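Asks: Show me the folded form of this:
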Amino acid sequence: MQRDKQEETMRRVHQSTCVSWATAVLPVAAAFILSTIYPTPAAAQSVDDGVMLRQHELVVGSVYSRDSWNEYWEGALKRENGNIGTLTTQTNAWFANYGVTDRLTVLGAIPHVWTNASQGVLHSMGGFQDLTVAAKYRVFDRSTRLGDVRALAVAAGGFPLTDYTPDFQPLSIGFGSKRLSGRGTLNLQTESGWFATGSMAYTWRSGVTLDRPFYYTDDQLFFTDQVDMPNVFDYIATAGFGTSRIQTALAFSQQRTLGGGDIRRQDMPFVSNRMNFSRIGGMVSVPIPGLRTLAVQVQYGYTIAGRNVGQSSTLTTGLFYRLPVGGRAVQ
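Replies: Numbering: from 1, shown residues only. Take a look at the predicted model:
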């Protein structure tokens, strides 16, 4: 009985990290520069954490992110650009996660994205980006002297919901590419409330079609409207502590694009450019008093290094609600 209560407390702690660190970079994916390439479901239980929903448990909510930068790396050169000024990307993502069984959880998210440059003549863009769906399966769960160790396997995919153009970087709201990724996650949860999670993924991306018959990238001229998109490898490490009153965590993430060229000097970014980055972040989540199944979260992320990405800061707020399991409130 005591162990069951402890596991339920820890599950709430992890669920309260509703947006997750992957979500912290969701708006970056929408804006191209500083993109994760794999817009993950912005959810109270995400593709890169160690949490599983209970059977028939449903979590729904909304996450708002505001990402901005005024400096970026043009290849390895860090610079400003007066034709852009400060680029701001806002994302409002709606999500729903469902526990099919205690070992299988499905996740889904739909983001609406707006981009804006404070200077120059590039016009803003906005609209629905990509639908992302994922299935998370618990491979094993073991108790050790350090705590409970859990291994998870995740399959995720995504595709554009609208015919937005990917060929207007860095104002485009997305890349217009279909994605399929495989992810592995290892999680350690202690009895005292501390937890640590490591997760890595490989993402395959389909090519995209431009609204022009030729393009130039990576020192080559191509007479076609078809662009091959490089695949992506990423990983994230998260550590934190939580109680029933408050949850906190820190995270470090990196992305490596497996191919693609650099932004040419004094040129616009291109959809297939190599985009590498390292980010750090922190979060705090608290339940709303008197509403045990409703919680709010605030988190902040910052890019500390990169290549062909903006040095962005991201502020994210999320609100999520856990619906009753089997017609009764979750205890």
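
Asks: Report the helix or strand with the lowest average pLDDT across this structure.
Replies: helix 20-24 (a mean of 32; mean pLDDT, DSSP states H and E).

Asks: Pull the number of nearby residues for Gly108.
Replies: Gly108 sits with 16 neighbouring residues when counted by other CB atoms under 10 Å. All C-beta spots, glycine's among them, are computed from the backbone N, C-alpha and C.

Asks: continuing past the host helix or strand of it, what's the next helix or strand?
Replies: Using DSSP states H and E, Gly108 sits in strand 104-117. Using DSSP H and E, the helix or strand that follows strand 104-117 in sequence is strand 125-128.

Asks: Give me the mean pLDDT for that next one.
Replies: What strand 125-128 shows for mean pLDDT is 96.

Asks: and that strand, which residues are buried?
Replies: Met125 (16 or more other CB atoms under 10 Å).

Asks: How about stretch 280-288?
Replies: Across stretch 280-288, burial judged by 16+ other CB under 10 Å covers Gly281, Gly282, Met283, Val284, Ser285, Pro287.

Asks: for this protein, which spans come out with low pLDDT?
Replies: Within the chain, the segments meeting pLDDT under 70 span 1-45, 292, 324-331.

Asks: For Thr165, list the residues it contacts.
Replies: By CB atoms under 8 Å, 6 or more residues apart in numbering, the residues touching Thr165 are Ser172, Gly176, Leu210, Asp211.

Asks: Put together a markdown table for those residues, with secondary structure and distance to Asn97 on each row.
Replies: Below are the contacts of Thr165 laid out as a markdown table (DSSP: H, G, I helix; E, B strand; the rest coil; distance: CB to CB, whole Å):
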| residue | secondary structure | distance to Asn97 |
| --- | --- | --- |
| Ser172 | coil | 28 |
| Gly176 | coil | 26 |
| Leu210 | coil | 35 |
| Asp211 | coil | 36 |
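
Asks: Buried only: go through those for me.
Replies: Among those, those classed as buried by 16+ other CB under 10 Å are Ser172, Gly176, Leu210.

Asks: Show me what Val149 bridges to in the sheet.
Replies: The residues listed as beta-bridge partners of Val149 by DSSP bridges are Arg142, Leu188.

Asks: correct me, but it touches Asp141?
Replies: Yes - with contact defined as CB atoms under 8 Å, Val149 and Asp141 form a contacting pair (7.4 Å).

Asks: How many neighbouring residues does the nearest residue to Asp148 once chain neighbours are set aside have?
Replies: Nearest-residue entry for Asp148: Gln189, 4.7 Å, with adjacent residues in sequence omitted and distances by CB to CB, 6 or more residues apart in numbering. Here the number of neighbours of Gln189 (other CB under 10 Å) works out to 26.

Asks: unless I'm mixing things up, Gln189 is touching Met52, no?
Replies: No - look at Gln189 against Met52 with CB under 8 Å: they stay out of range, at 11.7 Å.

Asks: in its sheet, what does the longest strand anywhere in the chain sit against?
Replies: If you go by DSSP state E, the chain has its longest strand at strand 291-307. Its sheet considered, strand 291-307 pairs with strand 276-288 (antiparallel), strand 313-323 (antiparallel) by DSSP bridges.

Asks: Grab the CA positions of the longest one and hand them over as CSV.
Replies: Yep, that's strand 276-288 we're talking about. These are the backbone C-alpha positions of strand 276-288, laid out as CSV (Å, rounded to 0.1, in the frame of the first residue of the first chain):
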residue,chain,number,x,y,z
ASN,A,276,22.9,22.1,-34.3
PHE,A,277,22.4,23.4,-30.9
SER,A,278,22.8,23.0,-27.1
ARG,A,279,20.2,24.2,-24.7
ILE,A,280,19.6,24.5,-21.0
GLY,A,281,16.4,25.1,-19.1
GLY,A,282,14.5,25.1,-15.8
MET,A,283,10.9,24.6,-14.8
VAL,A,284,8.5,24.9,-11.9
SER,A,285,5.0,23.4,-11.7
VAL,A,286,2.3,23.8,-9.1
PRO,A,287,-1.3,22.5,-8.8
ILE,A,288,-4.1,25.1,-8.6
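
Asks: can you map out the helices along the protein?
Replies: Assigned by DSSP state H, the chain shows helices spanning 2-15, 20-24, 26-31.
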